[in-house]
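# Here is a sequence together with a model predicted from it:
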Amino acid sequence: MSLNSVVIAGAGHAGVQVALSLRQEGFAGRISLVNDEPWLPYQRPPLSKAYLLGKIDAMAMQFRPAAFYAEQRIDLVADRGAAIDRQNRRLLLASGAALDYDHLVLATGAHNRPLNVPGAALAGVYGVKTRADAEALAPLLATARRVVVIGAGFIGLEFAAVAAAAGAAVEVLELGERPMARAVSPQMSGLFRAAHASWGVNFRFRTAVSEIEGDNGKAVAVRAADGERLPADLVVYGIGVIPNVALALEAGLSIDNGIRVDANLLTSDPHISALGDVASFPCLQNGERLTRLESVQNAVDQGRLIAARLTGKPAPYTALPWFWTDQGNLKLQIAGLSTGADNHVVLGDPATQQVSVLCFRGEQLLAVESCGRVGDHMAARKILARPPALTPAVAAAPGFDLKAWEAANR
């Protein structure tokens, strides 16, 4: 069947990439990009870092100016998907309007996992997920002297570094035993814990929050489960996200920790694809287990793959996952997935904050975490994309150089 109209629900990295790639692939039909925020589509990674610090403005975060969408005949629809009429292939919108589609792409993303404690709705308590969140936070950050961050994942630590740089005393509460425990090795956690401590950030691990205390409707303290009271002018939480599956669930699509898709990113309806933070796909690097990844790389690569399939070039999704986080003056880059790693080889000196950690499961290299070693990161992406036999014994040999090894084993 010829394809004349594609509707994309969601205008984050994933949705915008599908639209751009469709035009790059030569698709001449109608493209409708449904955007439920009041601004032009924008990049989200700077929200918890450069945008809060005033290093970039809102225009710099835009993917493209308004004129670009008009030139490319990409219809920006300021609305929200409310329901899918699969039988008639229509996306019903919150405004009451509807968009007919030959193919629907769900790029609905995810929302912050709510902070379910008494006082979470008080003024001065924020998550960081949207531009609206960042714009509300920015003026408060300029005056806050005591900041409590709940959650020591990427977002929480990015904000903690920003708050410390702004001169606030920062307390980070984390249920786990170390920073970024679900994402990085103990060695890399240790490096970042030390760095944050040097910036004045104080960590409290194995610590739950029992309530947020308020005065006249505004948060003034965080009460830990052990009874300790931490005064706060500002409370920011980052405790994970929940995929936005409601639209798909109500339409009867298969759900499994996100919208379940096959290797080609098709849902249980052959006229609907899903990608990005909302999609649960069989991940090659994770033993083809269903995996949901929250990264710009994943959103962009999946967007390109869907556009290629819709224009006659189908292929399974096999892209290597990679991630990054900027915290203070440090950039952490991760290639691969370290789930199940049981052996780590450290390259470099933690004292210099220039380290790569090679994560192995048995003899298999799963992932490489690099701080301040961009060359190692680029080499790791090449190695993991076409894995030669790099073993822990080879990597642990005195003088081992990852970049040189990759070049010699192409």
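Thanks, I have the structure now. Model, not experiment: these values are computed from the prediction. Numbering: from 1, shown residues only.
# Do a quick rundown of the helices in the stretch 151-300 of the chain.
With DSSP state H, counting those that start in this stretch as the criterion, the stretch 151-300 of the chain has helices at 154-165, 186-198, 246-250, 296-310.
# angle of the second one against helix 154-165?
What separates the directions of helix 186-198 and helix 154-165 is an angle of 30 degrees, with axes from the mean of the first three to the mean of the last three Cα atoms, to 10 degrees.
# Tell me which residues of helix 186-198 come out buried.
By neighbour count on 16 or more other Cβ atoms under 10 Å, the buried set for helix 186-198 is Q187, M188, S189, L191, F192, R193, A195, H196. For the C-beta atoms, the positions are set from N, CA and C on the backbone; glycine is no exception.
# That helix: how far from the chain's middle?
Relative to the centre of its chain, helix 186-198 is centred 21 Å away, using Cα atoms, centre = their mean, to the nearest Å.
# could you give the mean pLDDT of it?
The average pLDDT for helix 186-198 rounds to 97.
# any residues touching it, and which ones?
With contact meaning Cβ atoms under 8 Å, 6 or more residues apart in numbering, helix 186-198 is reached by 157, 160-161, 164, 172, 178-181, 184, 203, 327-328, 330, 332, 344, 346, 350, 353, 355, 357, 369, 371.
# do the same with the last one
Identification of contacts with helix 296-310 by Cβ under 8 Å, 6+ apart yields 3, 6, 12-18, 20-22, 24-25, 27, 43, 45, 103, 105, 107, 264-265, 273, 275-277, 279, 281, 314-315, 317, 319, 321-323.
# follow-up on the earlier one: okay, the helices of the stretch 151-300 of the chain, which one's buried deepest?
Of all the helices of the stretch 151-300 of the chain, helix 154-165 has the most neighbours on average by mean count of other Cβ atoms under 10 Å, namely a mean of 25.
# I would like the residues contacting it, please.
By Cβ under 8 Å, 6+ apart, helix 154-165 touches 48-49, 52-53, 128, 141, 144, 147, 149-150, 170, 172, 174, 179-180, 183, 192, 196, 199-201, 234, 236-239, 325-328.
# Let's see that with 6 Å instead.
The contact list for helix 154-165 (Cβ atoms under 6 Å, 6 or more residues apart in numbering) reads 48-49, 52-53, 128, 147, 149, 170, 172, 199-201, 236, 238, 325, 327-328.
# Now the buried members of those residues.
Buried residues within those, counting neighbours by 16+ other Cβ under 10 Å: 48-49, 52, 128, 147, 149, 170, 172, 199, 201, 236, 238, 325, 327-328.
# Need the per-residue pLDDT for M1.
So, for M1, pLDDT stands at 54.
# now do G287
pLDDT recorded at G287 is 88.
# From here on, call the first residue 543.
From this message on, residue numbering opens at 543, which makes the last subject G829.
# Please list all residues in contact with it.
Applying Cβ under 6 Å, 6+ apart to G829 gives no contacts.
# And for M603?
Shown in contact with M603 (Cβ under 6 Å, 6+ apart): Y584, Q585, P588.
# Give me the distance between it and E830.
35 Å (Cβ to Cβ, to the nearest Å).
# Show me the shaky parts of this structure.
Applying pLDDT under 70 to the chain picks out residues 543.
# domain ranges for it?
Taking automatic domain parsing as the domain assignment, the ranges for the chain are 547-653+784-852, 667-781, 871-950.
# re earlier: out of the contacts of M603, give me the one that has the most neighbours.
Neighbour counts for the contacts of M603 (other Cβ atoms under 10 Å) peak at Y584, which has 23 neighbours.
# any idea what sits nearest it, other than its immediate chain neighbours?
Excluding the flanking residues, the one nearest Y584 by Cβ to Cβ, 6 or more residues apart in numbering is M603, at 4.2 Å.
# Same question for L589.
A676 (4.4 Å).
# just how off-centre is the one helix or strand the one you found maps to within its chain?
For A676, the host element (DSSP states H and E) is helix 673-685. Put simply, helix 673-685 sits 20 Å off its chain's centre (Cα atoms, centre = their mean).
# Mind listing what's buried along it?
Buried residues in helix 673-685, counted by 16+ other Cβ under 10 Å: R673, D675, A676, L679, L683.
# between these, which is nearest L664?
Within the buried residues of helix 673-685, proximity to L664 (Cβ to Cβ) peaks at L679, which comes in at 14.6 Å.
# Roughly how far does the residue nearest to Y779 when sequence neighbours are not counted sit from I925?
Excluding the flanking residues, the one nearest Y779 by Cβ to Cβ, 6+ apart is I692, at 4.0 Å. From I692 over to I925 the distance is 37 Å, taken as Cβ to Cβ.
# and if you look at R631?
According to Cβ to Cβ, R631 and I925 sit 44 Å apart.
# now swap in P721 and tell me
The spacing between P721 and I925, counted by Cβ to Cβ, is 26 Å.
# Between those two, tell me which one has more neighbours.
A count of neighbours by other Cβ under 10 Å puts P721 above the other of P721 and I925, at 27 against 23.
# residue contacts, the more buried one?
Contacts of P721 by Cβ under 6 Å, 6+ apart are A694, S731, F734, R735.
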